[in-house]
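Novice: structure of the sequence below:
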Amino acid sequence: MSNVFNISTSALTSLQRAIATTGHNIANVNTEGFSRQRVEFEALPAQISGAGFIGSGVTIGSITRSYDEFLAVDVRTRTSAAASARTAADLTGRIDSVLADPNTGLSSALDRFFAAVQDVANNPGSLPERQILIREAEVLGDRFSFVDGRFGQLDLEINTGIRGAVEDVNNFAVGIAALNEQIVSDTNASGGQPPNDLLDARDQLLNRLAEKVGISTFEQDDGAVNVFLGNGQALVVGTNVTGLETFSDPTNVSRLAIGTEGLAVQSDISRFITGGELGALIGSRSNLIDGTRNQLNVLAAGIATSFNQQSRLGLDLDGRLGGDFFRPLEPSVVDTSANADLSARIVDPSAITGDQYELSYAAGAGTYTLRNLSTGATEDTFAAADFPRTVAGLELDLSLVAPATTPADGDSFRINPVFQAASLFEVQITDPRSFAAASPLRSSASLANIGSGTLGELTVNDVGALPDPLSATPPIAGGVTLEFRADTGSGDPGFVVVSGTVGGAGLAPIDFDPTAESGGKTVTLGGFSFELAGIPSEGDRFTIELNTNGSGDNRNALALAELQLRPVLNNGNSTFQDAYAGVVADVAVSARQAGANADTEETLLQQALNSRDALQGANLDEEAANLLRYQQAYQAAARAVQIADEVFQTLLAATGG
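Specialist: Model (predicted):
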């Protein structure tokens, strides 16, 4: 009879635990990350008898949670991807709104500036037009500063985001390590039974960690889980945590880099971190923000350099050679040499790409090597005697620091051609009269000419070869008069100089054959050039002279206005507007892609959550059915106990007990 009681009692005890587990599931139906727990019933070992084996009841083998490792990893992966996509979409959208807005972007400011240049060209002697030009140039400078300032603000916000994300990563890692310790302890104490609620809590922390950074996990035999960052960097191993920390980037102190916590000398591991909010912050900064900001710097340097180059080839309202209209934007040079100083200046804006370079010296070979840090390619190799050297749109010059007489092995120089160009872009002249609208030279044809020959396209090419017209040594003393002759003395037709010199030096005859070159021939003398065309007659004369009292001359202003339409950037393939439109278009495309990617990742995350919850989540209908089933079984087991008691009492009465 005791066997009947034992069987019924085991059923009551097991069913009571099953009912309690079902109640636990129902109570946590709204708990995020809770996994439905399931009671695993097992039959107790049967007892042998003469009639065979007789069952001895039931026990609970284990209480497990409904869990699938594949679904859990999928949720973590999608959580990381969705958080990364959301962060990237937010940053990209904010950049797009700055660049595309006509009230904050550069396009309208560029149009107004060059329209003001054209207004001066239309009326070069008028001061009001010149004053408006300076004002529009100031507006353009303010717009560059504003846009660059927004990027600077984004940089600061990213620093704050990185600092906060790293702190969260470390806190989550500490929490996971603590749960590892408790899970291992409870598992051992229970004889290997899983502590389900602790496992759920750890999964929740892993998901929150994945939202901050991409991770991979590996479960140890003792139940602890190891966590690694995207590059294999160990974050949690058992109960040990190797956290992250932020420090100032030595190449850009305004930015935070990420390293491993506790190291005496930090190494930047930012480029190895992917996924999650932290990965998106780092990726967006190094790719989109830096790339876009760099292209704006290229645009600013291109405008300032090309405009200044042309301005220096003109003549202002007081008859002086023009100076820099904008502040010269010189490359940044950082050196590690005690033996030499390197200077750099932009000489060809079309060759500037925004890439950074490193110039290093090898004493064994006796050569300098210029390496492109952005592409890794070697741009040039040359000897120290070859300075100054023009490469990649830059003129590089080296001077030794006394008492050094030779460069030192390992000397290196880091060159950023357009460093902070957008933030430093500003107007340099303040006097409207200083705008160089006129050309320093003018040409005229003798009234006695009878042929169809012409001298045109008079252009100043080198301001260094043209001293100030008001100085004591003007470039053209008394003007230069050219006379056409069928025979210049060598048997060939051309022009001879009948009066004047260039830079104090006489000029040789200029060959010009009307029968073959009447369509036009470009001639360069000193720092200027001109075009001879047509069919001149014997004795026809042309004079080139200083443009004195040329307040109504607009040739240099026209050349400056033409810069708007000239392909100055991108190896001569893009105008200023083309370059800016390209930046805006690239960001707009990136913004659309980022938005679409965020929507896609959110959908995939929701699908992963639905798949996981379908397996792991508590279902009230299912739990109610289990509760009813366990209740009926419990009542039946209780009835079995009652019947066994009645039988036992009957036996006692029959035996006179």
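
Novice: which other residues reach stretch 563-573?
Specialist: 110, 114, 117, 298-299, 302, 306-307, 310, 349-353, 574-579 (Cβ atoms under 8 Å, 6 or more residues apart in numbering). C-beta: built from backbone N, CA, C; applies to glycine.

Novice: let's go with 6 Å and repeat that
Specialist: Residues outside stretch 563-573 that contact it (Cβ atoms under 6 Å, 6 or more residues apart in numbering): F114, G302, S306, P349, S350, S574, T575, A579.

Novice: over to stretch 628-647?
Specialist: So stretch 628-647 is contacted by V4, F5, S8, A11, L12, L15, A18, I19 (Cβ under 6 Å, 6+ apart).

Novice: want to try JSON lines for those residues, with secondary structure as columns?
Specialist: Conversion of those to JSON lines gives the following (DSSP: H, G, I helix; E, B strand; the rest coil):
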{"residue": "V4", "secondary structure": "helix"}
{"residue": "F5", "secondary structure": "helix"}
{"residue": "S8", "secondary structure": "helix"}
{"residue": "A11", "secondary structure": "helix"}
{"residue": "L12", "secondary structure": "helix"}
{"residue": "L15", "secondary structure": "helix"}
{"residue": "A18", "secondary structure": "helix"}
{"residue": "I19", "secondary structure": "helix"}
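
Novice: coming back round to it: quick one: which of the contacts of stretch 563-573 is nearest A340?
Specialist: Distance to A340 across these (Cβ to Cβ) is lowest for P349, with 26.7 Å.

Novice: count of residues packed around the closest residue to the closest one other than its chain neighbours?
Specialist: Leaving aside its sequence neighbours, P349 sits nearest to G302 (Cβ to Cβ, 6 or more residues apart in numbering; 4.1 Å). When neighbours are defined as other Cβ atoms under 10 Å, G302 has 26 of them.

Novice: mind checking how far the most centrally placed residue in the chain is from V587?
Specialist: Geometric centre of the chain, nearest residue: N287, 2.6 Å, by Cα atoms, centre = their mean. Distance of N287 to V587, given as Cβ to Cβ, to the nearest Å: 12 Å.

Novice: look at the closest residue to D462 other than its chain neighbours and say how many residues are nearby.
Specialist: Nearest non-adjacent residue to D462, counting by Cβ to Cβ, 6+ apart: G527, 3.6 Å away. As a burial measure, G527 scores 20 neighbours (other Cβ under 10 Å).

Novice: just how off-centre is the helix or strand that A116 is a member of within its chain?
Specialist: Applying DSSP states H and E as the criterion places A116 in helix 107-122. Mean C-alpha position of helix 107-122 versus that of the full chain (Cα atoms, centre = their mean, to the nearest Å) differs by 31 Å.

Novice: mind listing what's buried in it?
Specialist: Residues of helix 107-122 classed as buried by neighbour count (16 or more other Cβ atoms under 10 Å): S107, A109, L110, R112, F113, F114, A116, V117, Q118, D119, V120, A121.

Novice: what helix or strand is the closest residue to the last one other than its chain neighbours on?
Specialist: Across the structure, with Cβ to Cβ, 6+ apart as the measure, the residue nearest A121 apart from its sequence neighbours is A557 (3.7 Å). Element membership of A557 [criterion: DSSP H and E] is helix 555-562.

Novice: ok, then the element right after that helix?
Specialist: Following helix 555-562 toward the C-terminus (DSSP H and E): helix 576-616.

Novice: next secondary structure element downstream of that following helix?
Specialist: Next along the chain from helix 576-616, counting by DSSP H and E, comes helix 620-654.

Novice: how far does that next one sit from the chain's center?
Specialist: 71 Å.

Novice: got it, and stretch 317-336?
Specialist: On the basis of Cα atoms, centre = their mean, stretch 317-336 sits 29 Å off its chain's mean C-alpha point.

Novice: so where's this protein uncertain?
Specialist: For the chain, the stretches with pLDDT under 70 are 1-2, 463-478, 501-506, 656-657.

Novice: where is the longest helix in it?
Specialist: Longest helix in the chain, counting residues (DSSP state H): helix 127-189.

Novice: any idea of the angle that one forms with helix 555-562?
Specialist: 30 degrees (axes from the mean of the first three to the mean of the last three Cα atoms, to 10 degrees).

Novice: got the angle for helix 127-189 vs helix 107-122?
Specialist: Using the same axes, to 10 degrees: helix 127-189 against helix 107-122 is 160 degrees.
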